[in-house]
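Colleague: Need coordinates for the following:
(chains A and B)
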Amino acid sequence: AQTVTQSQPEMSVQEAETVTLSCTYDTSESNYYLFWYKQPPSRQMILVIRQEAYKQQNATENRFSVNFQKAAKSFSLKISDSQLGDTAMYFCAFIQGGSEKLVFGKGMKLTVNP
Amino acid sequence: DAGVIQSPRHEVTEMGQEVTLRCKPISGHDYLFWYRQTMMRGLELLIYFNNNVPIDDSGMPEDRFSAKMPNASFSTLKIQPSEPRDSAVYFCASSKQKAETQYFGPGTRLLVL
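Modeller: Modelled structure (predicted):
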């Protein structure tokens, strides 16, 4: 069974700094997709970024980028120029190609301090 | 697009009452998912539909839970009778195809007293 591990339960960072959130996953498949979702205090689950396993290039969305290390099964999220609005729970998630089931990590609470 | 719409946003009810949660997926999305989020168990997939047909309901906790999707633009999750341990945030999500990005609704926060 596929698993997703977020080993850091909580982090804090100063506004404008850069922070990296770690995620590892376990799968024997070669075709899959990885996601980072953000859940602010409003509880809405918001897609931050998506990475296809077959793509070597790391995905980037404005201040958010990933470091995808397929061999190491690692998928970390880098947030540059942190803003107060980035304060949220962040969930790493995995879905196997051809599947419909999204597997989530337990989440990590990020606090951006002024 | 309006995104996934859920109602109600908050529900407070007493144990034993019937609760119905509603969801409107993004137009054109063929998959609809119901999740439950609690502190203890995190995000759990309860059931999902493809083209209005339930595909996998193995995550539904008990017979007290049922879900329907009568058409492509509407789904319900019903709990009857409700119990305090059902208190959670219930999310609906939809995606266009298999393994595509799932877009979540704002959730329904349910409190059963």
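Colleague: all contacts plus neighbour counts: C-alpha atoms, from now on.
Modeller: Noted.
Colleague: For the residue nearest to the spatial centre of chain B, name its beta-bridge partners.
Modeller: Taking C-alpha atoms, centre = their mean as the criterion, B:W34 is the residue nearest the geometric centre of chain B, at 3.3 Å. Under the criterion DSSP bridges, B:W34 forms beta bridges with B:I47, B:C92.
Colleague: Likewise for B:F104?
Modeller: The partner residues for B:F104, given DSSP bridges, come to B:A93.
Colleague: isn't it right up against B:A93?
Modeller: Yes. Between B:F104 and B:A93 there is a contact at 4.1 Å, judged by C-alpha atoms under 8 Å.
Colleague: Overlap of the contact sets of those two?
Modeller: By C-alpha atoms under 8 Å, 6 or more residues apart in numbering or on different chains, B:F104 and B:A93 have these common neighbours: B:V4.
Colleague: Now for the residue nearest to the centre of chain B: which residues touch it?
Modeller: By C-alpha under 8 Å, 6+ apart, the neighbours of B:W34 are B:L45, B:L46, B:I47, B:Y48, B:L77, B:Y90, B:F91, B:C92, B:A93.
Colleague: closest point of chain B to chain A, which residue?
Modeller: B:P106 (4.7 Å; C-alpha to the nearest C-alpha).
Colleague: I'd like to know how many residues surround that residue.
Modeller: 23 (other C-alpha atoms under 10 Å in any protein chain shown).
Colleague: Need the pLDDT of it.
Modeller: pLDDT for B:P106: 95.
Colleague: tell me the SS of it?
Modeller: At B:P106 the chain is in coil, as set by DSSP: H, G, I helix; E, B strand; the rest coil.
Colleague: contacting residues for it?
Modeller: Each residue near B:P106 by C-alpha under 8 Å, 6+ apart is listed here: A:R43, A:Q44, A:M45, B:V4, B:I5, B:Q6, B:R9, B:F91.
Colleague: a markdown table please, covering the residues you listed and showing distance to B:M40.
Modeller: Below are the contacts of B:P106 laid out as a markdown table (distance: C-alpha to C-alpha, whole Å):
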| residue | distance to B:M40 |
| --- | --- |
| A:R43 | 16 |
| A:Q44 | 19 |
| A:M45 | 18 |
| B:V4 | 26 |
| B:I5 | 26 |
| B:Q6 | 23 |
| B:R9 | 21 |
| B:F91 | 16 |
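Colleague: didn't A:R63 look like it was pressed against A:L77?
Modeller: No. A:R63 is beyond contact range of A:L77, at 10.3 Å (criterion: C-alpha under 8 Å).
Colleague: Same drill for these two, tell me which one is more crowded.
Modeller: Legend: neighbour count by other C-alpha under 10 Å for A:R63 and A:L77, higher for A:L77 (23 against 12).
Colleague: For that one, I want the exact helix or strand it lies within.
Modeller: Using DSSP states H and E, A:L77 falls within strand A:74-79.
Colleague: Quick one: residues in contact with whichever helix or strand comes after that strand.
Modeller: Next in sequence after strand A:74-79, counting helices and strands by DSSP H and E, comes strand A:88-96. Contacts to strand A:88-96, defined as C-alpha under 8 Å, 6+ apart, come from residues A:4, A:6, A:23, A:25, A:29, A:31-41, A:101-111, B:99.
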